[in-house]
Structure formats: structure tokens, C-alpha cells
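Participant: below: sequence and its predicted model.
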Amino acid sequence: MVVFQSCLFAYILYLRACSASDNGWNAKIPKSVLGLSGSCVVIPCTWDYPSQGKTYKEFTGIWYKDSPDLPTISVDEEVTSQREVTATCVVSHSCPSDPPHLTWSHKGTTTSHSQLQEDGQWKLTSSLTFTPSREDHNKHLSCAADITPAKTVSNNKKLKVKYPPYNVNVQSKSQVKENESIELNCSSDSYPPVHSFQWFSSTGSLLESRSTYRFNNVTRHTEAISCTATNTEGKNSSGPHKLNVLYPPEIKTGSSCDSETPIVCVCIVDSNPPSEVKWLGPSSTFPSSSVEQNGSLTIFTLQGWLGFPDTVHCSASNSEGNSVVTLSVPHHGLIIYLVVAIGAFVVIVVVISVCVAKKRCGQRPAQSVLDVKNDHNELKTTPKSNISSQEQQNNELYTTIEEPDQSVYKNFECDDGYPSCEQDEDEAVYANT
């Protein structure tokens, strides 16, 4: 600080020396010294004065304030994306013991060095090596010089980054009706701007070489299209662009009803937007059993059992129109099923009836001898074991009636009215006169 004050004092001495040079005073200082506000400054100077045996111990200094110069940034006017580049930031100062601190707004590798200039000035240079990207295009590259903790000056320069076409897109209306026309536009983000556009079909055939393309009389079968944009840095293409074509329902020929049990009817509808389907009978409407969507195709399924009509109508509709098809319902499979079911039911009923009858007859008590008498005749029954010899002669069981006009004697019957019952050999009763 003493040196600084001494130099300032020398400046005063210089002014005095100019007016009192005859007395032997002489001072040499630079014509001008550039200093940064808030920083130190060194003013080189020398002086001569007649001492005459005197020694000066006190000095008076005068300070002059001024705004510091801004940093100077140097970088190429145009840089290329993904290619390394170096930028420099230069600031002048006059305090080598406490030089400014330089910082960059972009990430990269930095180096700094300070160089003494004429008239006591110093030049601080910071170099930044970085790799720009397309995101840096039209962004500002800044360099800031921290003179003191409370004083900072900065400067910036806009970057021009060259990069090939990016985000190539085909733009059009969101939807178009079948048989209408539509115009497509190709757009991209690039620097420098695109100088060439090309349109290609899905098979790679070149269709047009300009930024727009027009489709006439589009249909649901119109193929996808893509666009390629080119500039001095390269080229890029959009993805396939498929038009959203609106068209009414078309019921496919595969729609039919089968003869399986249960009956299954399928209605296959091609439409955009997807259709709603109603199943119509002679006097009623049936809901779909299931609906399956596969792209523009919708498969509607209807299942039915007894009482299914001979024909059903599949009615499909959307915002563009409607379509109806009549499906015949084959019933021979259902008739066979009904015959088999009814036959099985009859067999089950007969078997159950026989089993019940057997159970009831098996519980009736057996009789070995029964005597029935009246005033006109006498009926006797004899066990089977006593008439075995008679069975061998006559080979039949018979009944003799003495007075036919008064009574009839029969073989015994079951209580339930069945004509015969099976009984064990020991429980059988044979009747005769």
C-alpha cells in the first residue's frame, strides 16, 4: 500500500515538478494507467527532488474511480454440434497479487494465464474447451469476472450451432373422410435450414421433392407415407405417417352362424371409428356375448340355446353410416340334441318307475294257504310242493268252479294294480278248487 501511495504522491510531485523544475524536482510516470474499480492498481513512477539534507516521511495520495472494462469473449461465429471448440475470455487488470476470478456459463475444461502488458497493465485470459450440442443453438455463452466479492462484471456471446435436421414430422389434419383430399406438410428443426424435402411411400418409392404433398381421393387402403429433410450437416427422416381415414361399417363375408350347441353367431365389422352392433330377431333384440377389437376390425359374438330364431340380423353403425346383414341359423344340430335329451329323460322315468314298483311288491307278506268258503261252493288252495305231480301232468295252474254264475276265483294280484309280481319261490301261492 505504501508503494501505491508513493506512486500517487509521485503524480502530485510530477505536477509540482512541472512548475518547479528549476528547483531540481523531476518525476516520470505513465501518461495514463487503467485500473479496475474496487481493485488495486500499481502506477510505476520515478522521481528526483533536491533533498538539501531533508528526508520526507509523509505522503498524500489521491484516488480516481472509474468503471472497469467488461470481459471480452472470443469464439467462432458458427460451431458444429458434437465437435469440440475453444472459447476465450480476456479481462485487463492492474493488480497481479489479486487478479479477477473468471467463470463460464458452460461446462468444459478451463485454463487461465495472466500476462503483463505495457504501462503496467495485466491481461488475464481464460480458455474454455467444450463440445456444443443442438440444444446450445442461439443460447448465450457467458463469462463473468469477479473483481471483488461485491463487484462482478460479465459479458456474453450468442452461439450459432450447426446440426442436421432433427424432429422431422409429417403434419396434417387429424382425420379425413374417405374419398376426400388432404395436404401434408413436412417440418423439422435444423441449422442451417433444410434445403431439400423428399416424400417416400411405404415401399421406398419417391413420390415428391418438396415440402408439401397432396393426397387425392384417399381411401381406407391408402398406404403410409414418410418425409426426409436434408441440410448441409446431414439428413433425417420421419416415421411412417398413416392417415386417419373415416369410413362406414363393412360387414365381412366371414360373418355366419354355426349349428353347434349352443348356437354361435359371429359378425365381423371393418370400420373407422369402431361400430356399435345390434343383433335383431323377428320380435326382439339380443346383446352381444363378447366383443373383440383388432385394429379396424371388431368381432361381435352372439350365443343362443332354445327358442333361437331361424334368422338374425347383424346391424352395425358408426358416425359415417351403417350396414346390415342377415344370417341364417341352422337348427338340425339343436333338433338332434333335443331328441337325444327327450329320449334320455323317458328312459330315466321308466327306470325309476320300475324300481319303485319292485320295492313295493317285495314288501307284501306271503301266504301259503287260503281257505274261502260260502254256501254254494268250497275253494281250497294247496301249496306248490303238494301239487308238483299235477303240474307235471297238466303243465299249468288252473281253477275249477262248481257254480260259475256265483263266483270267480283268480290268481292273486298286487295291491298297486300291476298284472304280475315277482316273488321268491317259497312265497308263491298257487290257487285251485
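Facilitator: On my side now, so go ahead.
Participant: can you map out the helices along the stretch 151-300 of the chain?
Facilitator: In the stretch 151-300 of the chain, no segments count as helices under DSSP state H, counting those that start in this stretch.
Participant: pLDDT below threshold where in this protein?
Facilitator: Per-residue confidence for the chain (pLDDT under 70) gives these ranges: 1-27, 47-53, 56-67, 306-307, 331-341, 361-433.
Participant: which parts of it belong to which domain?
Facilitator: As given by automatic domain parsing, the domain ranges for the chain are 2-48, 72-159, 163-243, 249-330, 372-432.
Participant: now for residue 116, how many residues are close by?
Facilitator: For residue 116, the neighbour count with other CB atoms under 10 Å is 9. To be clear about C-beta, it is placed using only N, CA and C from the backbone, and glycine gets the same treatment.
Participant: roughly how far does it sit from residue 346?
Facilitator: 124 Å (CB to CB, to the nearest Å).
Participant: how far away is residue 128 from residue 270?
Facilitator: Distance from residue 128 to residue 270, counting by CB to CB: 62 Å.
Participant: so for these two, which sits in the more crowded spot?
Facilitator: Between residue 128 and residue 270, counting by other CB under 10 Å, residue 128 is the more crowded of the two (23 against 19).
Participant: now do the contacts for that one.
Facilitator: Residues near residue 128 by CB atoms under 8 Å, 6 or more residues apart in numbering: 86, 87, 88, 89, 104, 106, 108, 109, 110.
Participant: drop anything exposed from these.
Facilitator: Buried subset of these (neighbour count, 16 or more other CB atoms under 10 Å): 87, 89, 104, 106, 110.
Participant: secondary structure class for the nearest residue to the second one once chain neighbours are set aside?
Facilitator: By that I understand residue 89. Spatial nearest neighbour of residue 89, excluding adjacent residues (CB to CB, 6 or more residues apart in numbering): residue 143 at 3.5 Å. Following DSSP: H, G, I helix; E, B strand; the rest coil, residue 143 is assigned to strand.
Participant: isn't residue 143 right up against residue 124?
Facilitator: No. The criterion here is CB atoms under 8 Å, and residue 143 misses it with residue 124 at 11.0 Å.
Participant: ok, residue 197 - how many residues close by?
Facilitator: Around residue 197 there are 21 residues (other CB under 10 Å).
Participant: partners of it in the sheet?
Facilitator: For residue 197, the beta-bridge partners under DSSP bridges are residue 229.
Participant: and for residue 276?
Facilitator: Note on residue 276: beta-bridge partners by DSSP bridges are residue 317.
Participant: next, the contact list for it, please.
Facilitator: Contacts for residue 276 (CB under 8 Å, 6+ apart) come out as 316, 317, 318.
Participant: who wins for most neighbours among the residues you listed?
Facilitator: When neighbours are counted by other CB under 10 Å, residue 316 leads the contacts of residue 276 with 26 neighbours.
Participant: and the gap between that residue and residue 279?
Facilitator: Taking CB to CB as the measure, residue 316 and residue 279 are separated by 11 Å.
Participant: mutual contacts of those two, please.
Facilitator: Common contacts of residue 316 and residue 279 (CB under 8 Å, 6+ apart): residue 267.
Participant: neighbours of residue 119, just the number please.
Facilitator: Per other CB under 10 Å, the neighbour tally for residue 119 reads 12.
Participant: my bad, should have said residue 159
Facilitator: 20.
Participant: for it, what are phi and psi?
Facilitator: Dihedral pair for residue 159: phi -90, psi 140, per degrees, to the nearest 10.
Participant: one step back: tabulate the domains of the chain (JSON lines), appending distance to residue 360.
Facilitator: Converted to JSON lines, the domains of the chain look like this (distance: least, CB to CB, whole Å):
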{"stretch": "domain 2-48", "distance to residue 360": "127"}
{"stretch": "domain 72-159", "distance to residue 360": "100"}
{"stretch": "domain 163-243", "distance to residue 360": "76"}
{"stretch": "domain 249-330", "distance to residue 360": "37"}
{"stretch": "domain 372-432", "distance to residue 360": "6"}
